[in-house]
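1. have a look; sequence and predicted model below, questions after that.
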Amino acid sequence: MKTVYACPKCKGALYRQDRCYRCENGHSFDLSKEGYVNLLMGKGSGTHGDNREMLLARQAFLSYGYYRRMADTVSGFLRKFGVLNGECRLLDIGCGEGYYTRIFRDALQEMGAEVYAFDISREAVKLAAKRSGKGEEQVSLSVASAYHMPYLDSSFTIATNLFSPLAPEEVARVLRDGGHFVMVIPEKEHLFGLKSAIYDTPYKNEVMPFDLVGFALVHDERLRYTVTLNHDETIVLFGMTPYAYRTSSVGRERIHSLDTLTTDIDFHILVYKKA
Ligand SMILES: [Zn+2]
């Protein structure tokens, strides 16, 4: 029997038996009724990450399709680089409520890919489980931390991380030699129109250097476009960002008074190969 899961307690291989995952040392983790497994260790497991209001706002906003272009561009890279020695196994790191995971799964379906995904927020993984598919196409979901991924070494041919916390050494560990890693980060102008509507003196995003220890950058591209949202969409976008929780009532009133909002969407897509 093969597995990619590692026991979060002893690091041994974790095998699925019916509705449960077990290691040889007798540690076991039940599959939830929604179909995910909680492999997050420590107190308060699964209460980390984004709150439910933010998650639902993000789910609603993503359903409008304004980020679909970015997701499709990433899918193209997954199809190009995902297969290694005839196999394709994807790990989506910090999958949130699963919008992108599902698009990636569909894009890799004809390649017979196995798809795994996790997030530190149990609420997010529950939402992801609702759209994870059935049978062989089902995404294997877990609650876990990006800093202690519950997978065996060299398990995946490709991994993705879209605006999620990143531990490069963990990504390198779970990727096979020659495997690829696709990351998306917000660029300088991302959502600048939204920030300009909230703040008198909006600041641009800081963009970190692209170097990642253990990886070689093989491709990168900036994807930038403008969208115009109606009143309701604007409020939903605002609700999925941290600004909704940091903004003064003046800023919130400004957002609620808008009929439309035109804003930049500005991403950087980076493709790395494990060195
Ligand atoms: Zn164990």
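-> Cool, got the structure.
2. Phe128: which element?
-> Slight slip there: residue 128 is Ala, not Phe. Per DSSP states H and E: Ala128 is located in helix 122-130.
3. tell me the first helix or strand C-terminal of that helix.
-> Elements were assigned by DSSP H and E; along the chain past helix 122-130, the next helix or strand is strand 140-143.
4. which strands and helices sit next to the helix holding Ala128?
-> Applying 3 or more C-beta pairs under 8 Å, 6 or more residues apart in numbering; DSSP states H and E, one finds that helix 122-130 contacts strand 36-38, helix 52-63, strand 114-119, strand 140-143. (Each C-beta comes from the backbone N, C-alpha and C, glycine too.)
5. got the buried residues for the longest helix seen in the chain?
-> Looking across the chain with DSSP state H, the single longest helix is helix 68-81. For helix 68-81, the neighbour count (16 or more other C-beta atoms under 10 Å) marks Met70, Ala71, Val74, Ser75, Phe77, Leu78, Arg79, Phe81 as buried.
6. what's in contact with it?
-> Contacting residues not belonging to helix 68-81 are listed as 90, 99-100, 103-104, 107-108, 111, 158, 160, 162, 180, 182, 184, 219, 221, 223, 225, 265, 267, 269, 271, 273 [C-beta atoms under 8 Å, 6 or more residues apart in numbering].
7. next, the angle from the helix holding Ala128 to helix 52-63.
-> With axes from the mean of the first three to the mean of the last three C-alpha atoms, to 10 degrees defining the directions, helix 122-130 sits at 40 degrees from helix 52-63.
8. what's next to helix 122-130, contact-wise?
-> 32, 34-36, 38, 40, 45-47, 49-52, 55, 59, 95-98, 101, 117-119, 139, 141-143.
9. give me the buried entries from these.
-> Listed as buried from the contacts of helix 122-130 are 32, 35-36, 38, 40, 45-46, 49-50, 55, 59, 95-98, 101, 117-119, 139, 141-143; burial here means 16+ other C-beta under 10 Å.
10. related to what we said a few turns ago, Arg254: which of the helices and strands packed on helix 122-130 is closest?
-> Of all those, it is helix 52-63 that lies closest to Arg254, at 17.7 Å by C-beta to C-beta.
11. that closest one - what's its average pLDDT?
-> Averaging pLDDT along helix 52-63 gives 93.
12. tell me which residues of that helix come out buried.
-> Using 16+ other C-beta under 10 Å as the test for burial, helix 52-63 gives Met54, Leu55, Leu56, Ala57, Arg58, Gln59, Ala60, Phe61, Leu62.
13. so who does the second one touch?
-> Spelled out, it's Leu55. Contacts of Leu55 by C-beta under 8 Å, 6+ apart are Gly96, Glu97, Ser121, Glu123, Ala124, Leu127.
14. from Val125, how far off is it?
-> Plainly put, Leu55 is 10 Å away from Val125 if you go by C-beta to C-beta, to the nearest Å.
15. the closest residue to Ser196 other than its chain neighbours in helix, strand or coil?
-> Leaving aside its sequence neighbours, Ser196 sits nearest to Pro202 (C-beta to C-beta, 6 or more residues apart in numbering; 4.9 Å). Classification of Pro202 by DSSP: H, G, I helix; E, B strand; the rest coil places it in coil.
16. which of the helices or strands spans the residue nearest the centre of the chain?
-> In the chain, the residue lying closest to the centroid (C-alpha atoms, centre = their mean) is Cys95, at 3.0 Å. Cys95 belongs to no helix or strand when assigned by DSSP H and E.
17. who touches it in this structure?
-> Counting by C-beta under 8 Å, 6+ apart, Cys95 makes contact with Thr101, Ala117, Phe118, Asp119, Ala124, Val125, Ala128, Leu141.
18. ok, so of those, who is nearest Met1?
-> The closest of the contacts of Cys95 to Met1 turns out to be Leu141 (C-beta to C-beta; 19.8 Å).
19. how about that closest one: what's its closest non-neighbour residue?
-> Leaving aside its sequence neighbours, Leu141 sits nearest to Tyr36 (C-beta to C-beta, 6+ apart; 3.9 Å).
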